[in-house]
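Novice: Sequence isn't available, so here's the structure alone:
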C-alpha cells in the first residue's frame, strides 16, 4: 500500500482541483457541463470508460467505471456549488493557494472530493492488476438544488446500479461517518390580502399583518416526536420573508419560506397538517385573513439499516491513515447519501475539510486532500481486493 500512497502526486491533485474550481457552476443555473468536460478529458487520458447523461442540456452527469463484475462501489460527488455571496477576499472562481490551503468556491463542497476521487481511481487502475468488482466514479449535477437533474434523474432512469456507495460530502475533517439524515421539508406559506393606498389602510387587507399573527403561532409551535439516538431533535427555520411592493401601498401578499428538518418518528403529512391547523386558527380569529401553502422540496428521513460493515471498513481505513476512528453520526443536512438511503440502498456520507461549506473564503487544506485520497484508495481495496501489478 505504501507504494500506491507514495505515488500520489500532490501537484497533480492541486492542479486538478484548481481547474475544477475555476469553472463557475453556481446553481442555479448550474452549467455543470464545464466540470464534466474536465472530468471527460481526465477519463480519456487515463483510459477510463465513461458515459454522459443529461436531463437538460448543460446539466451534465458523467460516470466513469474501472473494473467489471460485482461488487460495485459507487463514489458520488457533485459538481454544482451554491452562490458565492459577499465577503470574499479573493475572486471565488480564481483559486488561490496560500499557507497549505486552496481557497475558492467549491474547494470544500464538493470539488475537493471530485479531485481526490479521480486521483484515487486513477492510482488503483495503475497499481492494481485486477480488482474484484467495479469502481464507479460519478460526478453529478444539481445536488445543491434538489438533484432533479442529477442523482434522482440518474437513479430514476436506471443508469446506476451498485452494492455500496461512498458520498464524500459532509466535511468534518475525516472524523465523521454519516449513517442517518433528517428529513428535509421546505415550503412556502402565503398570506393573501387586498392592495390599497397606504394613506387608506381601511380600504385594504394587510397581508403582512396577518402573516405576523401566523408567525407568532409558528414561534410557539412544538413538534410531536420521539428523540433519535443520532439525529436528536427536529428543527425549524423561517429562512425567507417577502411582502409588499412599496412603503405607501397596503400589501396584498406576504410569503415566508420555512425549512423543517424532521425525524424518522415524524411524517411530512403530520407536519403539514400542524401548519395548516395554525393557518386555520389565525383565519378563524381574523375573518379577513387568508393563507395558502406550497411545498417546495421534500426528502424523507433516512438511515443505513443494513451493511454497517461499509462504515466499519471506512473507519478502519481512516484509522490506518490518520490514527483515529471517525464517529458514527446523523446529520441535519441532506446529501446524496440520504437520497440513496431513502431508496433503501447502502450508502455512507464521509468527508474532509473544516465545516465551512457555503461560506465566504471557503478552503481545503492540501494535506487533508492527500490523506483523504489515501483513505479512499485503502477503503476501495479493502472492499474489492485485487492483485498488485
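Specialist: Received the coordinates, thanks. Computed from a prediction, not measured in an experiment: that's the story for all the values here.
Novice: Share the number of residues neighbouring residue 190, please.
Specialist: Neighbour count for residue 190, taken as other Cβ atoms under 10 Å: 17. Any C-beta I mention is one placed from the backbone N, CA and C, and that applies to glycine too.
Novice: right, I mislabeled it, should have said residue 15
Specialist: Neighbours of residue 15 using other Cβ under 10 Å come to 12.
Novice: per-residue confidence at it?
Specialist: Note for residue 15: predicted pLDDT of 99.
Novice: Which strands or helices does the helix or strand it falls within pack on?
Specialist: Following DSSP states H and E, one finds residue 15 within helix 10-21. Helix 10-21 sits against helix 33-45, strand 101-103, helix 111-127, helix 366-384, with contacts defined as 3 or more Cβ pairs under 8 Å, 6 or more residues apart in numbering; DSSP states H and E.
Novice: any idea of the mean pLDDT for stretch 365-380?
Specialist: pLDDT averaged over stretch 365-380 gives 98.
Novice: And for residue 59, nearest residue in space, chain neighbours not counted?
Specialist: residue 149 (3.9 Å; Cβ to Cβ, 6 or more residues apart in numbering).
Novice: same deal with residue 143?
Specialist: residue 78 (3.4 Å).
Novice: Now that neighbour, what are its backbone angles?
Specialist: phi -120, psi 150 (degrees, to the nearest 10).
Novice: Nearest to the spatial middle of this structure, which residue is it?
Specialist: Per Cα atoms, centre = their mean, the C-alpha nearest to the average position across the chain is that of residue 335, at 3.7 Å.
Novice: Which residues does the helix holding residue 15 contact?
Specialist: Contacts with helix 10-21, where a contact means Cβ atoms under 8 Å, 6 or more residues apart in numbering, come from 35, 38, 42, 79, 93, 95, 97, 102, 104-107, 111-112, 114-116, 118-119, 364, 366, 369-370, 373.
Novice: And stretch 295-315, by the same measure?
Specialist: So stretch 295-315 is contacted by 146, 164, 166, 177, 179-188, 231, 257, 262-264, 266, 268, 272, 325-326, 328, 330, 334, 338-342, 346-348, 350, 375, 379, 382-383 (Cβ under 8 Å, 6+ apart).
Novice: Turn the buried ones among those residues into a named PyMOL selection, would you?
Specialist: Applied in PyMOL, the following selects the buried portion of these according to 16 or more other Cβ atoms under 10 Å:
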select buried, resi 146+164+166+177+179+180+181+182+183+184+185+186+187+231+257+262+263+264+266+268+272+326+328+330+334+338+339+340+341+342+346+347+348+350+375+379+383
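Novice: if I look at the closest residue to residue 79 other than its chain neighbours, how far off is residue 260?
Specialist: What sits nearest to residue 79 in space, not counting adjacent residues and going by Cβ to Cβ, 6+ apart, is residue 35, at 3.9 Å. Distance of residue 35 to residue 260, given as Cβ to Cβ, to the nearest Å: 31 Å.
Novice: could you pull out the strands for the stretch 251-389 of the chain?
Specialist: 253-262, 291-299, 302-303, 327-331, 347-350, 363-365, 386-388 (DSSP state E, counting those that start in this stretch).
Novice: Quick one: mean pLDDT over the shortest one.
Specialist: It refers to strand 302-303. 92.
Novice: what pairs with that strand, and is each one parallel or antiparallel?
Specialist: strand 176-181 (antiparallel) (DSSP bridges).
Novice: for the partner strand, the distance to its chain's centre please.
Specialist: 13 Å (Cα atoms, centre = their mean, to the nearest Å).
Novice: and what of stretch 174-187?
Specialist: 9 Å.
Novice: Span of that stretch from start to end?
Specialist: 33 Å (Cα to Cα, to the nearest Å).
Novice: For PyMOL, write a command that selects the buried ones of the contacts of helix 10-21.
Specialist: Burial among the contacts of helix 10-21 is assessed by 16+ other Cβ under 10 Å; the matching PyMOL selection reads:
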select buried, resi 35+38+42+79+93+95+102+104+105+106+107+111+112+114+115+116+118+119+364+366+369+370+373
